[in-house]
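Asks: compute the structure for the input listed below.
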Amino acid sequence: MVTDWRLPAGFMPQPGKSPLSYHHNPERWRLEDSGEYCRLKCAARGQEFVLDLEQYPGVSEWLLTPGLLS
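Replies: All right, here's what the predicted structure looks like:
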């Protein structure tokens, strides 16, 4: 099963940086026209994905959004 995730553009894989775990295939990623968000055809692995926030510091602020993880 593959799902379509809409994430802040800060999640988009960058050259020389490790992408979200299990999502190394660039064909799964697409930046929306606005440049504010990206789309990910998410691997059906569960919810144990890992992202190195030192390599993607812009994602940290989004994770602190009130109510996001409740």
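Asks: okay, Leu69: pLDDT?
Replies: Per-residue pLDDT puts Leu69 at 68.
Asks: no, scratch that, I was asking about Leu53
Replies: We have a pLDDT of 90 for Leu53.
Asks: quick one: it from Gly35, how far?
Replies: Going from Leu53 to Gly35 by C-beta to C-beta, to the nearest Å gives 21 Å. Any C-beta I mention is one placed from the backbone N, CA and C, and that applies to glycine too.
Asks: between these two, which has more neighbouring residues?
Replies: Leu53 (12 against 9; other C-beta atoms under 10 Å).
Asks: so what's the more buried one closest to, chain neighbours aside?
Replies: Ser60 (5.3 Å; C-beta to C-beta, 6 or more residues apart in numbering).
Asks: what helix or strand is the one you found located in?
Replies: helix 58-63 (DSSP states H and E).
Asks: so which bits of the lowest-mean-pLDDT helix or strand in the chain are buried?
Replies: Lowest on mean pLDDT, DSSP states H and E among the helices and strands of the chain sits helix 58-63, with a mean of 87. Judged by neighbour count using 16 or more other C-beta atoms under 10 Å, the buried positions of helix 58-63 are Val59.
Asks: how about the CA coordinates for it, as CSV?
Replies: The C-alpha coordinates for helix 58-63 follow below in CSV (Å, rounded to 0.1, in the frame of the first residue of the first chain):
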residue,chain,number,x,y,z
GLY,A,58,13.6,23.7,8.8
VAL,A,59,11.5,20.7,9.7
SER,A,60,12.0,21.2,13.5
GLU,A,61,9.8,24.3,13.6
TRP,A,62,7.0,22.5,11.8
LEU,A,63,7.2,19.6,14.3
